[in-house]
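**Q** my questions concern the predicted model and sequence given below.
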Amino acid sequence: MSLKISKTAQYALMIAAFVLGVMALTVWRMQQFQVLNSEELRDYGVVLVPEHRSVRPFELLDHSGEPFTQDSFRGAWTLVFFGFTHCPDICPLALGSLAVKWDEVQQGIGADQTLRAAMVTVDPGRDTVERLAGYVPAFNPDFTGITGDIATIYNLSVDLASPFMPVAPEDAVGRYNVEHAIHYSIVNPCGHYVGFLRNPVDVKTLPRAMASLVHQPRGC
């Protein structure tokens, strides 16, 4: 005995399958883009501080020779890394791992949000505007290199919880290293320090972490 399914029943099954598919896709998208809270973000390498910290006024230069001040932080979330172009391993790894997922990160945060990345040199004596212009954008054209007066840079590093310390020259030609923090400091669109992103960056979870970061309360 064979069972025949009417065309009406076939259409009903097809519609039901389609609806279930749409529902499953909707649930998947909600899971993918659900905003993580501050506690959940810790598991993704993002540590947010309970009290936001203001940044003192400063005047530096970006790798295009344009002024970069405390007001340059306003209007966007910014990941700030303190490093230098002669850094043998940590700096290129930090910038490179961020660059690998940068396009995906930008797509994930949404058109109504802005996220930037910058490297502030801790070695302005060697890292001129021209040298930074040939180094930082090589990782991604959207990345910004920043240089200027060493005292101003140090004060900024303290405000962003990333202090550094030059090491004495190693040899007669003056080659030296600089001890510095390896994380990314996070500045919110109000220009306040709000936490940090651990290094090495987990490239697999970075897009979701950044999508959640930019939707955290700004507090201003």
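**A** Yep, that arrived. Keep in mind it's a predicted model, so treat the numbers as computed, not measured.

**Q** quick one, domains of the chain?
**A** Per automatic domain parsing, the domain ranges recorded for the chain read 1-34, 39-213.

**Q** now do the helices in the protein.
**A** Along the chain, counting by DSSP state H, helices occupy 7-33, 38-42, 90-100, 102-109, 129-139, 150-159, 206-213.

**Q** and the ones you listed, which one is worst for confidence?
**A** Of all these, helix 7-33 carries the lowest average pLDDT, namely a mean of 56.

**Q** closest to the centroid, which residue in this structure?
**A** The structure's the chain has its C-alpha centroid closest to residue 79; by C-alpha atoms, centre = their mean the separation is 4.2 Å.

**Q** and it, how close does it get to residue 14?
**A** Residue 79 sits 47 Å away from residue 14, taking C-beta to C-beta, to the nearest Å as the criterion. C-beta: built from backbone N, CA, C; applies to glycine.

**Q** ok, back up a step: skipping its backbone neighbours, what lies nearest the residue nearest to the centre of the chain in space?
**A** Of all residues not flanking residue 79 in the chain, residue 184 sits nearest, at 4.3 Å (C-beta to C-beta, 6 or more residues apart in numbering).

**Q** and that neighbour, how far from residue 218?
**A** 18 Å.

**Q** before we move on, what about residue 146?
**A** The value you get for residue 146 to residue 218, if C-beta to C-beta is used, is 23 Å.

**Q** one more: residue 157?
**A** In terms of C-beta to C-beta, residue 157 sits 23 Å off from residue 218.

**Q** cool, residue 179 as well?
**A** Relative to residue 218, and taking C-beta to C-beta, residue 179 is found at 33 Å.

**Q** then residue 75?
**A** Separation of residue 75 from residue 218 (C-beta to C-beta) stands at 11 Å.

**Q** show me the contacts for the nearest residue to residue 150 once chain neighbours are set aside.
**A** Excluding the flanking residues, the one nearest residue 150 by C-beta to C-beta, 6+ apart is residue 124, at 5.4 Å. Applying C-beta atoms under 8 Å, 6 or more residues apart in numbering to residue 124 gives the contacts 147-150, 153.

**Q** please redo it, this time with the cut-off set to 10 Å
**A** By C-beta atoms under 10 Å, 6 or more residues apart in numbering, the residues touching residue 124 are 60-61, 84, 132, 146-153.

**Q** please apply the same query to residue 78.
**A** Counted by C-beta under 10 Å, 6+ apart, residue 78 has contacts 72, 114-118, 144, 160, 184-189, 191.

**Q** identify the farthest-apart pair in those.
**A** 114 and 160 (18.6 Å; C-beta to C-beta).

**Q** more crowded one of these two?
**A** residue 160 (22 against 14; other C-beta atoms under 10 Å).

**Q** between the contacts of residue 124, which sits nearest residue 106?
**A** residue 146 (20.5 Å).

**Q** show me the beta-bridge partners of the nearest residue to that closest one once chain neighbours are set aside.
**A** Nearest-residue entry for residue 146: residue 120, 4.4 Å, with adjacent residues in sequence omitted and distances by C-beta to C-beta, 6+ apart. For residue 120, the beta-bridge partners under DSSP bridges are residue 82, residue 146.
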